[in-house]
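Novice: Pasted the sequence and its predicted model underneath.
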Amino acid sequence: MTNCLNCNKPTSDNFCSHCGQKTSIHRITFSHFVFHDIIHGVWHFEKGILFTLKEAIFRPGKAALDYISGKRIRYYNVFYLTLLLIGLNIYLNHIQDELSHYYFQTRLVPEADTAGQRFDNFLSDYSKLIIFSFIPLFAFNSFLLFKEKKLNFSEHFIISGMMFLGVMIIQTVCTFIYFTDYLEYLNILSKIANYATPITILLFLIINYNKTFSADYRSKFEISSRVFLFILFLLIEIAFIFILLLGYFTNWEYKMSLVY
């Protein structure tokens, strides 16, 4: 039994049970600093990210349930990762807009329509918040429809966060594929990805929500109908929010126009 050098609490194990510091210390040398503190620390940081990304794409629901049950040390923060991917997608979309303007001479929407311009600016300035707000919608619908799992709203929020991280991974991969639009012999991939992205995301949600909650229902019809309602509610809620925002910024006067 010794005292922890960090918090001075008694400890008899390899780690202090109070603050978590190692009980075995060493003198800081250049080689140990480089090969252990830096490389080892970065590797474990990246390993947590890669593990979380893998789980989010291949078994998001099961991974979330594992996390809820207490298996948490291997996971990186799902919501930080989601924000990083949202930011990456916004940056890539900005680059695509610049490339499209350069290669295809696309014309931007005139700024004369002040209401439309305010709406576009709002979407641009708060795009991260708007996209991230889908997670509470996921959680609300999940909590409403899958009560047999007997999870509270916060636990459904974890499941929704992992599911949405999987959605953002799919979206990020497809966003990179969109850059083939500027390659002469590969631009067909961009057109395929344009149609395949929403279908892939829809199938991803249907399959994984089925896997996550199917054990709590007695028939396939029961779980399938709830997953269908989950998707339907989600689409209605997104459309409703979009209409409210559009109406607010246009004073409820919608002007639909095409720009050539």
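Specialist: All right, it came through fine.
Novice: How about the secondary structure of Leu151?
Specialist: Secondary structure, DSSP: H, G, I helix; E, B strand; the rest coil: Leu151 is coil.
Novice: Let me see the contact set for it.
Specialist: Neighbour list for Leu151: Ile68, Phe143, Ile159 [criterion: Cβ atoms under 8 Å, 6 or more residues apart in numbering]. Every C-beta, even on glycine, is put in place using the N, C-alpha and C of the backbone.
Novice: Considering those, which is situated nearest to Thr175?
Specialist: The shortest approach to Thr175 among the contacts of Leu151 belongs to Ile159, at 24.7 Å (Cβ to Cβ).
Novice: Now for the closest residue to that closest one other than its chain neighbours, how many residues are close by?
Specialist: Among residues not flanking Ile159 along the chain, Ala64 sits closest, at 4.2 Å (Cβ to Cβ, 6 or more residues apart in numbering). Using other Cβ atoms under 10 Å, Ala64 is surrounded by 27 other residues.
Novice: Touching stretch 195-208 from outside, list them.
Specialist: Here stretch 195-208 has contacts from Arg59, Pro60, Gly61, Met163, Gly166, Val167, Ile170, Gln171, Cys174, Val227, Phe230, Ile231, using Cβ under 8 Å, 6+ apart.
Novice: Of these, which is the nearest to Asp125?
Specialist: Nearest to Asp125 among the contacts of stretch 195-208, with distances taken as Cβ to Cβ, is Gln171, at 20.2 Å.
Novice: Can you tell me the element that closest one falls in?
Specialist: helix 153-177 (DSSP states H and E).
Novice: and Phe233, what does it touch?
Specialist: By Cβ under 8 Å, 6+ apart, Phe233 lies in contact with Asn141, Leu144, Leu145.
Novice: Kindly apply the preceding question to Ile135 instead.
Specialist: Per Cβ under 8 Å, 6+ apart, neighbours of Ile135: Phe79, Thr82, Phe157, Ser160, Gly161, Phe164.
Novice: try it again with 7 Å
Specialist: Ser160, Gly161, Phe164 (Cβ atoms under 7 Å, 6 or more residues apart in numbering).
Novice: show me where the stretch 1-150 of the chain has strands.
Specialist: 2-3, 10-11 (DSSP state E, counting those that start in this stretch).
Novice: that older thread, selection in ChimeraX covering whichever of the contacts of Ile135 are buried, please.
Specialist: Applying 16 or more other Cβ atoms under 10 Å to these, the buried members can be selected in ChimeraX as follows:
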select :160,161,164
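Novice: Pipe the contacts of Ile135 into a markdown table and attach pLDDT and distance to Asp181 per row.
Specialist: Output for the contacts of Ile135, formatted as a markdown table (pLDDT from 0 to 100; distance: Cβ to Cβ, whole Å):
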| residue | pLDDT | distance to Asp181 |
| --- | --- | --- |
| Ser160 | 95 | 32 |
| Gly161 | 94 | 31 |
| Phe164 | 95 | 26 |
